[in-house]
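**Student:** turn this into a model:
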Amino acid sequence: MKHEGKNFPGPTIETERYWQGCKDHELLIQWCHQCGHYQFYPRMMCTVCMSKDLDWIKALGKGKVKTYTIVHRAISKAYAKEAPYTVAIIELSEGPTMMSNIIGCQPEDVKVGQEVKVTFEDWSEKITVPKFVPVDNKRN
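**Tutor:** Numbering: from 1, shown residues only. Here you go, the predicted model:
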């Protein structure tokens with residue numbers, strides 16, 4: 001199994017809809033009806049105005065690399081075959097940032113400000129993880 005031994009995220013009340021969106025290959029973020037703020041990661045209330053009037057919206061799935069690191073020494077044996085790999089903070093077009101991997105290119109080719117788009121990796125029947133590829137990459 002490709003992902004055996006990896007830490008699988010577990011949906012919570014706050015994140016259940018997000019993980020279902022990933023399973024459907026849709027990147028969902030929250031939007032506040034009161035102030036118009038977009039946010040990620042999922043929370044019970046808006047981080048700007050504290051309203052609980054939040055909706056899930058489908059993000060464009062595009063963004064830019066804000067910062068990144070190249071991992072040469074994996075955190076566990078489960079990730080060793082993937083090293084070196086890139087962990088990045090992506091600033092989504094809507095504004096929120098999220099941590100993910102950049103795949104589909106060599107780690108040394110990743111640059112701050114590089115445009116990326118979301119792709120999805122099915123880890124199991126229940127968990128699908130969003131990752132990002134450079135926009136000039138053919139992978140969807």
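**Student:** going forward, measure contacts between C-alpha atoms and count neighbours the same way
**Tutor:** Will do.
**Student:** which phi and psi does Lys58 have?
**Tutor:** phi -80, psi 120 (degrees, to the nearest 10).
**Student:** just list the residues touching the nearest residue to it once chain neighbours are set aside, thanks.
**Tutor:** Nearest residue to Lys58 in three dimensions, chain neighbours excluded: Leu28, at 4.6 Å (C-alpha to C-alpha, 6 or more residues apart in numbering). Counting by C-alpha atoms under 8 Å, 6 or more residues apart in numbering, Leu28 makes contact with 17-18, 21-22, 56-59.
**Student:** so Glu94 sits against His37, correct?
**Tutor:** No. Using C-alpha atoms under 8 Å, Glu94 is not in contact with His37, being 9.1 Å away.
**Student:** before we move on, what's the pLDDT of Asp136?
**Tutor:** Confidence at Asp136, expressed as pLDDT, is 83.
**Student:** how many neighbours does it have?
**Tutor:** 10 (other C-alpha atoms under 10 Å).
**Student:** could you say which helix or strand holds it?
**Tutor:** Element membership for Asp136 (DSSP states H and E) is empty, with no helix or strand holding it.
**Student:** what sits opposite the closest residue to Val135 other than its chain neighbours in the beta ladder?
**Tutor:** Excluding the flanking residues, the one nearest Val135 by C-alpha to C-alpha, 6+ apart is Val116, at 4.8 Å. Beta-bridge pairing of Val116 under DSSP bridges involves Gly63, Pro134.
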